[in-house]
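Novice: pasting the structure only:
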């Protein structure tokens, strides 16, 4: 097994401070792995899921969709290798379970675990070293309820734990814990008749990870968790052959976290006070204030606020609910992270098991950590089948 060096871990842990020091426009948060697509279907659609059709992986994207599940129970497992070109033991594992109790309601739970692999700490080259395994995980539960035949809402509670700091380098460090809440909604219309096809509209929103900031030690800077607003809409073209469907979807996302201001690059004063803010607003605020402030605090004004939205487009061809081909495109502004990629995916159903896979290609100079990674997800279906109007 490859070993991750202490230098790599130090760089990962120091990203927020490095970004602030360089006055970057990129917004950083604690537990950034929560923004990695945990399932292959969403990954194959360009990292989207707030307005796509319901499946067992809706917990990460829009838990309100669970009230529209086609099968009574679904259990899924998935693993996503990360930085596969450098190491072989960093990755995100996910388990998900959903149960549609009746025509109106459903509940679900999931576990996401992010491992940074095995870290060997050595004082000298001859030192045999001591191994540590930094990790993060979240555990959550959801209740989803239909408020009408076409619209459902859900509330999700989430426990978050980040154990990345190394005791060898920071003796007073401890795991950072927090909690988060999601509020989500999903709309799915009845099937409508058009000239040459039938169709169905979809729409959704999710305000996720609303919760307190985290800190790794008593004197350390507090970091926001990735509170996020997702909005999406889509349409299903149901073709006249009775078997084929083409689903097109678009989605936008915005982190509800303050934009780092532009600060005076000179040294702090003799009393150790923080440097003067030249442009923007103070980002050391409560998480509630940070949510509202995030819509109008970019130093570059409205044009920069718009660039803080990411957007994605996707298309999914489904045949007889047993075979699917997918593609999606994701775009992020160059000065806000620069992630831009094209994703491809496919899905198959064998008996009561769904198999999904995906692959992505970076289309910008920012190479994705998931470049060249083939991702798989398995979903097991149980119980009766629901037919939506």
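Specialist: That came in fine, so what should we check first? On a predicted model such as this, the values are computed, not experimentally measured, just so you know.
Novice: helices of this structure, start to end?
Specialist: Applying DSSP state H to the chain gives helices spanning 6-21, 40-44, 58-61, 287-293, 302-307.
Novice: least reliable of those helices by average pLDDT, please.
Specialist: Of all the helices of the chain, mean pLDDT reaches its minimum on helix 6-21 (a mean of 39).
Novice: next, residue 300: phi, psi?
Specialist: Torsion angles at residue 300 (phi, psi; degrees, to the nearest 10) stand at phi -90, psi 10.
Novice: for burial, what's the neighbour tally of it?
Specialist: Neighbourhood size, residue 300 [other C-beta atoms under 10 Å]: 16. For the C-beta atoms, the positions are set from N, CA and C on the backbone; glycine is no exception.
Novice: give me the pLDDT value at it.
Specialist: 88.
Novice: how near is it to residue 294?
Specialist: Remark: distance between residue 300 and residue 294 (C-beta to C-beta, to the nearest Å) = 14 Å.
Novice: could you do residue 253 as well?
Specialist: Using C-beta to C-beta, residue 253 is found at 12 Å from residue 294.
Novice: residue 175 too?
Specialist: 27 Å.
Novice: again, but for residue 311
Specialist: 17 Å.
Novice: which one's more surrounded, the two?
Specialist: Comparing residue 311 with residue 294 by other C-beta under 10 Å, the one with more neighbours is residue 294, at 24 against 16.
Novice: look up how far residue 256 lies from that one.
Specialist: Applying C-beta to C-beta, the value for residue 294 to residue 256 is 5 Å.
Novice: repeat for residue 97
Specialist: 28 Å.
Novice: looking at these two, which one has more neighbours?
Specialist: Each of residue 97 and residue 256 has its neighbours counted (other C-beta under 10 Å); residue 256 has more, 21 against 18.
Novice: what sits against the more buried one?
Specialist: Going by C-beta atoms under 8 Å, 6 or more residues apart in numbering, residue 256 touches 207, 227-229, 290-291, 294.
Novice: from those residues, which land in strands?
Specialist: Applying DSSP state E to those, the entries found in strands are 207, 228-229.
Novice: can you pick the most crowded of the residues you listed?
Specialist: Among the ones in strands among the contacts of residue 256, residue 228 has the most neighbours (other C-beta under 10 Å), with 21 neighbours.
Novice: I'd say that one and residue 211 touch.
Specialist: No: between residue 228 and residue 211 there is no contact under C-beta atoms under 8 Å: 11.7 Å.
Novice: separation between the closest residue in space to residue 323 that isn't next to it in sequence and residue 310?
Specialist: What sits nearest to residue 323 in space, not counting adjacent residues and going by C-beta to C-beta, 6 or more residues apart in numbering, is residue 348, at 6.0 Å. Residue 348 sits 29 Å away from residue 310, going by C-beta to C-beta.
Novice: what's the answer for residue 223, then?
Specialist: Distance from residue 223 to residue 310, by C-beta to C-beta: 20 Å.
Novice: more neighbours: which of these two?
Specialist: residue 310 (23 against 20).
Novice: surely that one touches residue 329?
Specialist: No: if you go by C-beta under 8 Å, residue 310 and residue 329 don't touch, sitting 11.1 Å apart.
Novice: need the overlap of contacts for the two.
Specialist: Counting by C-beta under 8 Å, 6+ apart, nothing touches both residue 310 and residue 329.
Novice: low-scoring pLDDT stretches of the stretch 251-389 of the chain, where are they?
Specialist: Residues of the stretch 251-389 of the chain meeting the criterion pLDDT under 70: 265-275, 388-389.
Novice: how does it look with 80?
Specialist: Low-confidence segments of the stretch 251-389 of the chain (pLDDT under 80): 263-281, 366, 386-389.
Novice: now swap in the stretch 51-200 of the chain and tell me
Specialist: In the stretch 51-200 of the chain (pLDDT under 80), the answer is 84-89, 117-132, 164-175.
Novice: where do the strands sit along it?
Specialist: 71-81, 91-100, 105-115, 119-121, 130-132, 135-146, 151-163, 176-188, 192-193, 198-210 (DSSP state E, counting those that start in this stretch).
Novice: same question for the stretch 251-389 of the chain.
Specialist: Along the stretch 251-389 of the chain, the segments classed as strands by DSSP E, counting those that start in this stretch run 262-263, 277-279, 309-319, 323-331, 340-350, 353-362, 375-385.
Novice: OK, contacts around residue 279?
Specialist: Applying C-beta under 8 Å, 6+ apart to residue 279 gives the contacts 261-262, 299.
Novice: good, we can wrap up now.
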